[in-house]
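**Student:** The following block contains a protein sequence and its predicted model.
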Amino acid sequence: MIEENLRKVLQTIEAGKAKRIFADKNESVKLVAVTKNHDVQAMREAIDAGVSDIGENRIQEARDKFNILERRPVWHLIGHLQKNKAKYAVRMFDLIHSVDTMELALTLEKEAANIGKVQDVLVQVNLAKEAAKFGIYTEKLQPMLEELDDLPHLRLRGLMCIAPNYEDVEKTRPLFREMYEIFQRTKELPWKTANIVYLSMGMTHDYRIAVEEGANIVRVGTAIFGPRQY
């Protein structure tokens, strides 16, 4: 099932790229298979079927799996990160998508310095200003990015956003398009160390539209693994 589902998701991504109007149709899109509440055997099946990038939401669940899984995918932290878990995050994850405050960035900087690592990060943007979601508002984004660019043990790689869970998924399109425009403007700024290449947006219910509007990382779980095993 996982192999067949994965094939369908990859086909949807390619179809989405073909429908792009503003973004590059030939740009590669990284699929992060979200394994929250799915067991290690499902992770093995996905990796053996061709998945190279795994996404986890919670530190404790990721630690348990990280210590068991024999394969070595690229690990993405896509969920909210508390400062007291930062030391575990920098030890496990290749890319942290959810940096949303300078306080968290400074904690990650300290923990990455402690182990001699330069940690790749994305800044999470709360474009729709949803009170229930994390992320920095756009009017505060550039000052935060500039501060983050001065930290020697963090490397800014791009932006991440989560769209509202609209019943009519087409309502996400204007938001994704605006996020792509912000991403393009951000890339053009004169950074010191940042290498901004990733726009992470789109999950199972809306990743097709996110790809059409310029996402080059999508975070898909249910469409690959089926309903979560709570």
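**Tutor:** Nice, thanks for sending it over. Numbering: from 1, shown residues only.
**Student:** From the chain's centre, how far out is the helix ranked longest in the chain? Work that out for me.
**Tutor:** Longest helix in the chain, counting residues (DSSP state H): helix 2-18. Chain-centre distance of helix 2-18: 18 Å, with C-alpha atoms, centre = their mean, to the nearest Å.
**Student:** Point out the other helices and strands that it packs with.
**Tutor:** strand 30-34, helix 40-48, helix 207-212, helix 222-225 (3 or more C-beta pairs under 8 Å, 6 or more residues apart in numbering; DSSP states H and E). Using the backbone N, CA and C atoms, a C-beta is placed for each residue, glycine as well.
**Student:** one more time with 10 Å
**Tutor:** Judged by 3 or more C-beta pairs under 10 Å, 6 or more residues apart in numbering; DSSP states H and E, the packing partners of helix 2-18 are strand 30-34, helix 40-48, helix 207-212, strand 217-220, helix 222-225.
**Student:** Put the alpha carbons of stretch 54-73 into PDB.
**Tutor:** C-alpha atoms of stretch 54-73 as PDB (Å, rounded to 0.1, in the frame of the first residue of the first chain):
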ATOM      1  CA  ILE A  54      11.300  11.700   6.900                       C
ATOM      2  CA  GLY A  55       9.400  14.300   8.900                       C
ATOM      3  CA  GLU A  56       8.500  14.100  12.600                       C
ATOM      4  CA  ASN A  57       6.500  16.500  14.700                       C
ATOM      5  CA  ARG A  58       7.500  15.500  18.300                       C
ATOM      6  CA  ILE A  59      10.900  15.100  19.800                       C
ATOM      7  CA  GLN A  60      10.200  12.100  22.000                       C
ATOM      8  CA  GLU A  61       8.600  10.100  19.200                       C
ATOM      9  CA  ALA A  62      11.400  11.000  16.900                       C
ATOM     10  CA  ARG A  63      14.100  10.000  19.500                       C
ATOM     11  CA  ASP A  64      12.400   6.600  19.900                       C
ATOM     12  CA  LYS A  65      12.400   5.900  16.200                       C
ATOM     13  CA  PHE A  66      15.800   7.500  15.600                       C
ATOM     14  CA  ASN A  67      17.400   4.900  17.900                       C
ATOM     15  CA  ILE A  68      15.700   1.900  16.300                       C
ATOM     16  CA  LEU A  69      15.700   2.800  12.600                       C
ATOM     17  CA  GLU A  70      18.600   1.200  10.800                       C
ATOM     18  CA  ARG A  71      18.300   3.300   7.700                       C
ATOM     19  CA  ARG A  72      19.500   6.800   7.600                       C
ATOM     20  CA  PRO A  73      17.100   9.200   5.800                       C
END
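**Student:** Tell me which residues of it come out buried.
**Tutor:** Within stretch 54-73, the residues scored as buried using 16 or more other C-beta atoms under 10 Å are 54, 55, 56, 57, 59, 62, 63, 65, 66, 69, 73.
**Student:** same deal with stretch 82-91?
**Tutor:** By 16+ other C-beta under 10 Å, the buried positions in stretch 82-91 come out as 83, 85, 86, 87, 88, 89, 90.
**Student:** repeat for stretch 88-107
**Tutor:** For stretch 88-107, by 16+ other C-beta under 10 Å, it's 88-90, 92-93, 95-102, 104-107.
**Student:** ok, the residue lying closest to residue 202 once chain neighbours are set aside - how many residues close by?
**Tutor:** Setting aside the residues directly before and after it, residue 202 is nearest to residue 210 in space (C-beta to C-beta, 6 or more residues apart in numbering), at 2.6 Å. Residues lying near residue 210 (other C-beta atoms under 10 Å) number 29.
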